[in-house]
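J.: Sequence first, then the predicted structure, then my questions.
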Amino acid sequence: QVQLVESGGGLVQPGGSLRLSCAAPGFTLSEYVWTWYRQAPGKERELVARITSTGSVTTYADSVKGRFAISRDNAKKSVLLQMDSLNPEDTAVYYCKAVHTVTWREWWGQGTQVTVSS
């Protein structure tokens with residue numbers, strides 16, 4: 001069964017770092033656009049970072065520019081989100097989404113909780 005599985009979330013102090021992973025064993029990474037979203041309590045889901053199917057272009061929300069980095073590990077068939085200098089406003093459930101570049105079919109992971117608190 002084709003699915004995405006996020007991991008790496010947890011509780012971290014302000015200023016700390018986490019690395020999220022979106023495992024995609026049934027996917028050919030280069031056939032999809034990959035996006036990390038997040039949803040905080042009481043707020044709408046928002047785009048955090050995106051990487052194109054070629055891996056050549058990345059896009060970030062203004063609130064995370066310079067702190068977060070999206071990348072792909074083709075060997076491990078994973079999409080990563082390195083998060084540094086975390087602050088309490090980064091607290092949310094983080095989701096991974098894949099969109100096929102030809103069919104535009106979408107897949108979502110189940111989400112991983114990130115909590116930034118002292």
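T.: Received, thanks.

J.: Just the strands from the protein, written as ranges.
T.: With DSSP state E as the criterion, the chain has strands at 5-7, 10-12, 18-23, 32-39, 46-51, 58-60, 68-73, 78-83, 92-100, 106-108, 112-116.

J.: Okay, residue 18 and residue 103: tell me how far apart.
T.: Residue 18 is 32 Å from residue 103, where distance means Cβ to Cβ, to the nearest Å. C-betas here are computed from N, CA, C, even on glycine.

J.: ugh, typo on my part, it should be residue 89
T.: Distance from residue 89 to residue 103, by Cβ to Cβ: 35 Å.

J.: more neighbours, the two?
T.: residue 89 (11 against 8; other Cβ atoms under 10 Å).

J.: Would you reformat the strands of the chain as JSON lines and include mean neighbour count?
T.: Listed next are these as JSON lines, based on neighbours: other Cβ atoms under 10 Å:
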{"stretch": "strand 5-7", "mean neighbour count": "17"}
{"stretch": "strand 10-12", "mean neighbour count": "14"}
{"stretch": "strand 18-23", "mean neighbour count": "21"}
{"stretch": "strand 32-39", "mean neighbour count": "22"}
{"stretch": "strand 46-51", "mean neighbour count": "19"}
{"stretch": "strand 58-60", "mean neighbour count": "15"}
{"stretch": "strand 68-73", "mean neighbour count": "18"}
{"stretch": "strand 78-83", "mean neighbour count": "23"}
{"stretch": "strand 92-100", "mean neighbour count": "21"}
{"stretch": "strand 106-108", "mean neighbour count": "14"}
{"stretch": "strand 112-116", "mean neighbour count": "18"}
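
J.: Would you mind putting these into TSV with mean pLDDT alongside?
T.: TSV is the format used below for those (pLDDT from 0 to 100):
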stretch	mean pLDDT
strand 5-7	96
strand 10-12	98
strand 18-23	98
strand 32-39	98
strand 46-51	98
strand 58-60	98
strand 68-73	96
strand 78-83	98
strand 92-100	98
strand 106-108	96
strand 112-116	98
